[in-house]
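**Student:** Generate a structure from the sequence data that follows.
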Amino acid sequence: MAWILLMIAGMLEVVWAYSMKLSAGFTRLTPSVITIVMMIASFGLLSLAMRTLPLGTAYTIWTGIGAVGAFIVGIVFLGEQVNTMRVCAAVLIVCGIVLMKLSSSH
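**Tutor:** Numbering: from 1, shown residues only. Modelled structure (predicted):
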């Protein structure tokens, strides 16, 4: 169950990062509220997952999901650039996430 909570927490991190971008520095109400609610939910689920999972594993995977997810959302929805170096960096992050999961005894 902790792994499921961690995955959801990571996805919510992507949502709050995207809504924070849309909030224009917290000057737009709806995206600002979504950002704050998703942050609280993401942190809450992360804290529940950390009851069972090691800190280093949980936090690294959570931030990795957020980083790669935000990278993909930036490309798909915000028209951010795609180049070989950025894609390689995202692949390396995913490799790190997989290795952290494989190295965890939980």
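
**Student:** For the most centrally placed residue in the chain, list the residues it contacts.
**Tutor:** Closest residue to the average C-alpha location of the chain: Gly66 at 1.7 Å, with Cα atoms, centre = their mean. Contacts of Gly66 were listed using Cβ atoms under 8 Å, 6 or more residues apart in numbering, and they are Gly10, Glu13, Val14, Ala17. (Glycine included, C-beta is placed from N, CA and C.)

**Student:** what separates Met7 from Gly56, distance-wise?
**Tutor:** In this structure, Met7 and Gly56 are 17 Å apart, going by Cβ to Cβ, to the nearest Å.

**Student:** Settle it for me: which of the two has more neighbours?
**Tutor:** Met7 (15 against 11; other Cβ atoms under 10 Å).

**Student:** Please determine how far the residue lying closest to that one once chain neighbours are set aside is located from Leu29.
**Tutor:** In space, and not counting its chain neighbours, Met7 is closest to Ile65: 7.0 Å by Cβ to Cβ, 6 or more residues apart in numbering. Going from Ile65 to Leu29 by Cβ to Cβ gives 27 Å.

**Student:** Tell me which of the two has more neighbours.
**Tutor:** Neighbour count, other Cβ under 10 Å: between Ile65 and Leu29, Ile65 has more, with 22 against 9.

**Student:** Next up, the contacts around the more buried one.
**Tutor:** Here Ile65 is in contact with Met7, Gly10, Met11, Glu13, Val14, Ile97 (Cβ under 8 Å, 6+ apart).

**Student:** If anything else comes up later, I'll come back, but that's it for now.
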